[in-house]
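Undergrad: this one's sequence-less:
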């Protein structure tokens, strides 16, 4: 009995049909690698930030200060004082109320200079020159919370691990293209939720899920590409890795053009919705269909492959596939 590879050789091992499917599925490598490396730009450390003294916002509004002036009045005394603090993780242990003068901020504290006032650790109320440039400024992942930035990438990698086990099994049981399309849908939806997450906990949960589905897109597209070509054409499994690298090369350009982390997140997530259009152009793997005893569907796909490749599939092979 002829093997599937012999039937595929008759229909065309790497003809026009396979090249089209290969090119379309390779685009998944671009979005997946962008997701993998996105933390470099999503978590970019802010250039200029400081801890705001309680009451400073109201005082700044009353005195008509700009952000630069508020920073000079509140942070500069720390840098000049004995504590020599940068003002990023510490602030003066004072509270500014309506009794504070706009022209003489520290006269309220007697003869004590700003350098002699006590300092306290800052736990919240940071001010950023670019407040939405990265998740660091969005969720205050600075000072004592800086380790949470690494947690965000660890969560994504954990999602990759879980997706490798769960969606790999699902693709073997329910079909490659079905899991691929569901994974693309999952990456897109989770990516939108990540971009507009109201807090860091929600961000982590859906970044984990995006990792799960992201791994599903990458694994299934790789399997479909390698299973739809002949055994002598398995080099496509290596070539597809080029598109993974291409995604990493494109990502800095996206980050350069898009000023906010939400925009970058959407730019690498929304293209997955376009991949749902593959439902009409990328077939199920005929190899998988044969393992599930669905020879008639596999035969229909093989005839379609032969037609697009300008080949003719003999009736003998048709009997083998449908049996």
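TA: Structure received. The shown structure was predicted, so the numbers you read here are calculated from the model rather than taken from an experiment.
Undergrad: following element in sequence after the helix or strand bottoming out on mean pLDDT in the chain, please.
TA: Taking mean pLDDT, DSSP states H and E as the measure, the chain has helix 76-80 as its least confident helix or strand, at a mean of 56. Once helix 76-80 ends, the next helix or strand along the chain (criterion: DSSP states H and E) is strand 90-92.
Undergrad: and that following strand, what other elements does it pack with?
TA: strand 49-51, helix 76-80, strand 119-121 (3 or more CB pairs under 8 Å, 6 or more residues apart in numbering; DSSP states H and E). Glycine gets a C-beta too; all of them are placed from N, C-alpha and C.
Undergrad: show me the shaky parts of the stretch 51-200 of the chain.
TA: Scanning the stretch 51-200 of the chain for pLDDT under 70 picks out 75-87, 97-99, 101, 103-117.
Undergrad: so how far is residue 38 from residue 248?
TA: 10 Å (CB to CB, to the nearest Å).
Undergrad: who has more neighbours, the two?
TA: Here residue 248 and residue 38 are compared on neighbour count by other CB atoms under 10 Å; more neighbours surround residue 38, at 27 against 15.
Undergrad: which one is the more buried one nearest to, not counting chain neighbours?
TA: Spatially, and ignoring its direct neighbours in sequence, residue 38 is nearest to residue 268 (5.8 Å; CB to CB, 6 or more residues apart in numbering).
Undergrad: cool, and residue 313?
TA: Nearest one to residue 313, counting by CB to CB, 6+ apart, is residue 306 at 4.3 Å.
Undergrad: now swap in residue 160 and tell me
TA: residue 215 (4.5 Å).
Undergrad: quick check: residue 31 touching residue 271?
TA: Yes - assessed by CB atoms under 8 Å, residue 31 is found in contact with residue 271 at 5.3 Å.
Undergrad: and the two? Which one has more around it.
TA: residue 31 (27 against 18).
Undergrad: can you list the domains in this protein?
TA: The chain is divided into the following domains under automatic domain parsing: 4-44+146-322, 49-129.
Undergrad: still on that earlier bit, what helix or strand is the residue nearest to residue 160 on?
TA: Using DSSP H and E, residue 215 maps to helix 200-227.
Undergrad: now for that helix, which elements pack on it?
TA: Counting by 3+ CB pairs under 8 Å, 6+ apart, helix 200-227 packs on helix 16-37, helix 147-174, helix 176-195, helix 236-257, helix 286-291.
Undergrad: nearest to residue 51, of the ones you listed?
TA: With CB to CB as the criterion, residue 51 lies closest to helix 147-174 of these, at 17.4 Å.
Undergrad: tell me the buried residues in the closest one?
TA: Across helix 147-174, burial judged by 16 or more other CB atoms under 10 Å covers 148-149, 152-153, 155-156, 159-160, 163, 167-168, 170-171.
Undergrad: closest to residue 135 out of the domains of the chain?
TA: domain 4-44+146-322 (5.2 Å).
Undergrad: from the chain's centroid, how far away is the closest one?
TA: Chain-centre distance of domain 4-44+146-322: 15 Å, with CA atoms, centre = their mean, to the nearest Å.
Undergrad: same question, stretch 118-128
TA: 30 Å.
Undergrad: tell me the buried residues in that stretch?
TA: Within stretch 118-128, the residues that count as buried by 16+ other CB under 10 Å are 119, 122, 126-128.
Undergrad: SS state for residue 96?
TA: Three-state assignment for residue 96 (DSSP: H, G, I helix; E, B strand; the rest coil): coil.
Undergrad: quick one: buried residues of stretch 282-298?
TA: 282-290, 295, 297-298.
Undergrad: pLDDT of it, averaged?
TA: Mean pLDDT, stretch 282-298: 90.
Undergrad: what do you get for stretch 241-258?
TA: Throughout stretch 241-258, pLDDT has a mean value of 94.
Undergrad: returning to that earlier point: could you single out the nearest of the buried residues of helix 147-174 to residue 211?
TA: residue 159 (2.2 Å).
Undergrad: my guess is that closest one meets residue 212, correct?
TA: Yes - Residue 159 is within contact range of residue 212, at 4.4 Å (criterion: CB under 8 Å).
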